[in-house]
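Engineer: below: sequence and its predicted model.
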Amino acid sequence: MNQRGASLAAVLLLLLAGGASAAANNAPRLSEDFQSIMEWLSSESAEGMAFHSAVSFDPPVELRPGGIGFDGNFGLGTVPLHKDTFPKLQVKTLQDTHPESNFSNTTMFPDMTAHLRYGFADRWEGAIRLSNMTVPRYKISPTTEAEGQSNILGAEVRKHMGNPKLERVTVYASADYIFGSFKFFNGFQHVGVTDTLFLNSKNEGMLAWDIKTIGAGFTISHEWGRYVPYYGFGYHYSEGVVHTRLKSVFDGNLVSPVVGEGSHSVVGTQQLRMTLGTMRHGKNVNWYAATEILAIGSKSGRAFAAHMGFSIPIRAGAPVGLLSKTDSELKDAPRELETRDVPSSMIILR
């Protein structure tokens, strides 16, 4: 988010500093160039934002029926841009500044997510997903401040199959909704509109997203002592919109505000993603790290996310269904009391 804000701020700085004298005479065309840039940015951001709307990094922790589990993680991903599709601009002064060079090829996107899980019979689980990444207003450069927020609300159902010591297959289906925005603010003093006229300006930029995603996939895991490596694939379908806006307002009424807006619909975006991770069993907490890469898409191999987190299975539930047969094999699940721990009042003599 820092890089995205810095990129937009740098472009705006060049627009105002390098093209200030053009603002008075070319405001309509400059506004069209602003809009072209914003439409390009919204279009280029759409697939990356759709990818981050449902990153299925979940570790293969298996709960007992009636058991509750909590997962938490922090992650960082990328939103790649194709700079070779940058629009052709009309205003010569703006062309000469080459604003496309100020956009990075890849913008980082942070994420903080939590899952609350519940174990059902026959190795089924349900979960709700909550994500919030709030960045309070702060300075990203000496002249620019920024703020942002991203949220995910989702639900997931999954089913475990197979022996964890040999090969466990976990299939899942999920639905997620991601929404948020990133804004930046700056101002310039004594901008030279003409040789004798200098004005102050206030500038605001925004990138906002609203995307819904449904998906299905699987992971395969194998226990090696305390470590559980896993890999898998997922298919996700997204719909929504990405909106951008850039506005500069000058003091007085001599120069009209320069505004550019862009909007790109995410309609039927289909993605195949690959997950690779590992988990380490702890006494009370399981730790894991995972990465997910876009395998098929226009930005395959460039859009990815990496996560580190923890999983806490709470001791609850009873061995029913398939768990009554395979309980000794489920090292992830909270254990029942060993025989030696059973109170004497519960022992029945025959």
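Structural biologist: Everything's here; your move.
Engineer: quick one, strands of the stretch 201-350 of the chain?
Structural biologist: For the stretch 201-350 of the chain, strands defined by DSSP state E, counting those that start in this stretch occupy the ranges 227-250, 258-280, 286-296, 304-314.
Engineer: do a quick rundown of the helices in this structure.
Structural biologist: Assigned by DSSP state H, the helices in the chain fall at 2-18, 20-25, 27-52, 92-97, 323-326.
Engineer: can you put the strands of the stretch 201-350 of the chain in CSV and add distance to residue 109, mean pLDDT and mean neighbour count?
Structural biologist: Just so you know, the C-beta spots here come from the backbone N, C-alpha and C atoms, and that holds for glycine as well. Shown next, in CSV, are the strands of the stretch 201-350 of the chain (distance: least, Cβ to Cβ, whole Å; pLDDT from 0 to 100; neighbours: other Cβ atoms under 10 Å):
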stretch, distance to residue 109, mean pLDDT, mean neighbour count
strand 227-250, 13, 87, 19
strand 258-280, 15, 84, 18
strand 286-296, 13, 87, 19
strand 304-314, 8, 86, 19
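Engineer: looking at these, which is closest to residue 207?
Structural biologist: With respect to residue 207, and counting by Cβ to Cβ, the nearest of the strands of the stretch 201-350 of the chain is strand 227-250 at 5.2 Å.
Engineer: by contact count, what packs against that closest one?
Structural biologist: Other helices and strands packing on strand 227-250, by 3 or more Cβ pairs under 8 Å, 6 or more residues apart in numbering; DSSP states H and E, are helix 2-18, helix 27-52, strand 168-192, strand 198-221, strand 258-280.
Engineer: between it and strand 168-192, how many degrees?
Structural biologist: 20 degrees (axes from the mean of the first three to the mean of the last three Cα atoms, to 10 degrees).
Engineer: tell me where the model's unsure across the stretch 101-250 of the chain.
Structural biologist: Where the stretch 101-250 of the chain drops to pLDDT under 70, the residues are 102-103, 140-143, 188-198.
Engineer: repeat that with 80
Structural biologist: 101-111, 133-136, 138-146, 164-165, 184, 186-201, 203, 248, 250 (pLDDT under 80).
Engineer: and the gap between the residue most central in space within the chain and residue 120?
Structural biologist: When Cα atoms, centre = their mean is applied to the chain, the residue found nearest the centroid is residue 52 (3.5 Å). Between residue 52 and residue 120 the computed distance is 29 Å (Cβ to Cβ, to the nearest Å).
Engineer: ok so, going back, confidence score at the residue nearest to the centre of the chain?
Structural biologist: You'll see residue 52 listed with a pLDDT of 73.
Engineer: now do the contacts for it.
Structural biologist: Taking Cβ atoms under 8 Å, 6 or more residues apart in numbering, we find residue 52 in contact with 77, 79, 109, 111, 178, 305.
Engineer: who's in contact with the second one?
Structural biologist: Contacts for residue 79 (Cβ under 8 Å, 6+ apart) come out as 4, 45, 48-49, 52, 106-109, 303.
Engineer: could you redo the contacts of residue 52 as a markdown table and give each row distance to residue 266?
Structural biologist: Below are the contacts of residue 52 laid out as a markdown table (distance: Cβ to Cβ, whole Å):
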| residue | distance to residue 266 |
| --- | --- |
| 77 | 17 |
| 79 | 13 |
| 109 | 15 |
| 111 | 18 |
| 178 | 11 |
| 305 | 18 |
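Engineer: now, among the residues you listed, which is nearest to residue 98?
Structural biologist: Closest to residue 98, out of all of the contacts of residue 52 and judged by Cβ to Cβ, is residue 79, at 21.5 Å.
Engineer: so what's that closest one bridging to?
Structural biologist: residue 107 (DSSP bridges).
Engineer: returning to that earlier point: any chance of the strands of the stretch 201-350 of the chain in JSON lines, plus distance to residue 212?
Structural biologist: Listed next are the strands of the stretch 201-350 of the chain as JSON lines, based on distance: least, Cβ to Cβ, whole Å:
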{"stretch": "strand 227-250", "distance to residue 212": "6"}
{"stretch": "strand 258-280", "distance to residue 212": "9"}
{"stretch": "strand 286-296", "distance to residue 212": "18"}
{"stretch": "strand 304-314", "distance to residue 212": "19"}
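Engineer: quick one, which of these is nearest to residue 182?
Structural biologist: strand 227-250 (9.8 Å).
Engineer: go ahead and confirm residue 138 touches residue 148.
Structural biologist: No - using Cβ atoms under 8 Å, residue 138 is not in contact with residue 148, being 10.0 Å away.
Engineer: more neighbours, the two?
Structural biologist: residue 148 (23 against 11; other Cβ atoms under 10 Å).
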